[in-house]
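>>> Kindly generate the corresponding structure for this input.
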Amino acid sequence: MKTGFICIVGLPNAGKSTLINHLVGEKVAIVSWRPNTTRNRILGIVTTEDSQIVFIDTPGIFKPKNKLGDYMMQSVSFSMKDIEALLYVVDASKGMQKADYEFLEQHSKEIPIIVAVNKTDTITRETLFTVLSKLNSVQGIKEIVPISAKKGDNLEELLKVINPFLQDGIQLYPDEMYTDNTLRFMVSETIREKTLYLLNKEVPHELSVSINTFEFREDAKGKREVQGDSKRLCEINADIVCERQSQKAIIIGKGGSMLKKIATEARKDIEEMVGCKVFLELFVKVDEHWRDNDYLLRELGYNKKDLK
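Purely as a prediction, here's the structure:
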């Protein structure tokens, strides 16, 4: 069958995570309006009768200002190695940015690039024409496809355009597998997503989630019944890590109301994910310099050794 790795790259908030989720048909990457929500390379696997495409979602391209930022940009570079093609996502609502030009001109001669012009549902035809004209002026781009990742518009055409870049080979992952992310990772990302969503603009996005315990055991009496395996219980203990005491107070909320709300919303998604009841216990931890702390970054899953 035809197989291959396609790396998804673009500026922050271009819609890369929304795109990979829609292509895969499952939620493999968390989504937020905040820039740089994605911090790790994330695989999303699309398998058909005659092909298997492994999409690699990456953090948005930016100039790093701390060790976390360094890790994120190294993750992008690492993900661009040994791939069949690069899928570059442009936010059509913002038009072509200087950073878009710089990236495309730098890499178009060394790797096949397909450009997905995203968010076409939010712009006029005239604006789309302007973006397409500017892209056509960049030498080396192989294909340009206007899409709406949010609405799923023209994604079948995008897959058709990607197909010729795949190689003849053997199937890399089982049919039912849609990501290589661990449950532990997906749980931490789900908690982070709900925190960002519920706090909206009250707390900066510079927070992370540390899973302290994650284990399955036989259910205890008195636990809430949900759909799934009623004999099993997944117990999770996690810390939401922020940078200031003032942020901690907001995350906890009056009488613990916000933290309880975050746990409730996260638990709903996690129960669907693991297929059984979930007992989720959340705490808030303050570390002013966690984004520059090598040890804590490794503990939170941002290990540069994984990118070698």
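>>> As a check, name the ranges of all helices in the stretch 101-250 of the chain.
125-136, 155-162, 183-199, 245-252 (DSSP state H, counting those that start in this stretch).
>>> Grab the longest strand from this protein for me.
Counting residues, the longest strand in the chain under DSSP state E turns out to be strand 229-242.
>>> re the thing from before, packed most tightly, which of the helices of the stretch 101-250 of the chain would that be?
Each of the helices of the stretch 101-250 of the chain was scored by mean neighbour count; the highest is helix 183-199, a mean of 21, by mean count of other Cβ atoms under 10 Å. Quick note: C-beta positions are derived from backbone N, CA and C, even for glycine.
>>> what's residue 112 in contact with, if anything?
Contacts for residue 112 (Cβ atoms under 8 Å, 6 or more residues apart in numbering) come out as 84, 85, 86, 142, 165.
>>> Check the offset of the longest strand of the chain from the chain's centre.
21 Å (Cα atoms, centre = their mean, to the nearest Å).
>>> Run through the neighbouring helices and strands of it.
Applying 3 or more Cβ pairs under 8 Å, 6 or more residues apart in numbering; DSSP states H and E, we find strand 229-242 packed against helix 183-199, strand 208-218, helix 245-252, helix 257-274, strand 276-286.
>>> let's see 6 Å
Helices and strands touching strand 229-242, by 3 or more Cβ pairs under 6 Å, 6 or more residues apart in numbering; DSSP states H and E, are strand 208-218, strand 276-286.
>>> Can you list the low-confidence ranges for the stretch 201-308 of the chain?
204-205, 219-230, 308 (pLDDT under 70).
>>> Quick check: phi and psi at residue 86.
For residue 86, the backbone dihedrals (degrees, to the nearest 10) come out as phi -110, psi 130.
>>> Surely it and residue 113 touch.
Yes: at 4.9 Å, residue 86 counts as touching residue 113 under the criterion of Cβ atoms under 6 Å.
>>> So if I had to pick from these two, which one is more boxed in?
residue 86 (26 against 21; other Cβ atoms under 10 Å).
>>> how near is that one to residue 281?
41 Å (Cβ to Cβ, to the nearest Å).
>>> what about stretch 96-110, average pLDDT?
For stretch 96-110, mean pLDDT is 94.
>>> got a list of contacts for that stretch?
11, 90, 131, 134, 138, 140, 141 (Cβ atoms under 6 Å, 6 or more residues apart in numbering).
>>> For the fifth one, give me the pLDDT.
At residue 138, the pLDDT value in this model is 93.
>>> Provide a list of residues in contact with it.
Each residue near residue 138 by Cβ under 6 Å, 6+ apart is listed here: residue 104.
>>> Any figure for the gap between it and residue 79?
Plainly put, residue 138 is 21 Å away from residue 79 if you go by Cβ to Cβ.
>>> What of residue 151?
26 Å.
>>> neighbour-wise, which of these two wins?
residue 79 (23 against 14).
>>> and that one, how far is that from residue 276?
According to Cβ to Cβ, residue 79 stands 33 Å off from residue 276.
>>> Give me whichever of the helices and strands packed on strand 229-242 is most buried.
When the helices and strands packed on strand 229-242 are scored by mean count of other Cβ under 10 Å, the highest mean neighbour count falls to strand 276-286 (a mean of 18).
>>> Good, wrapping up.
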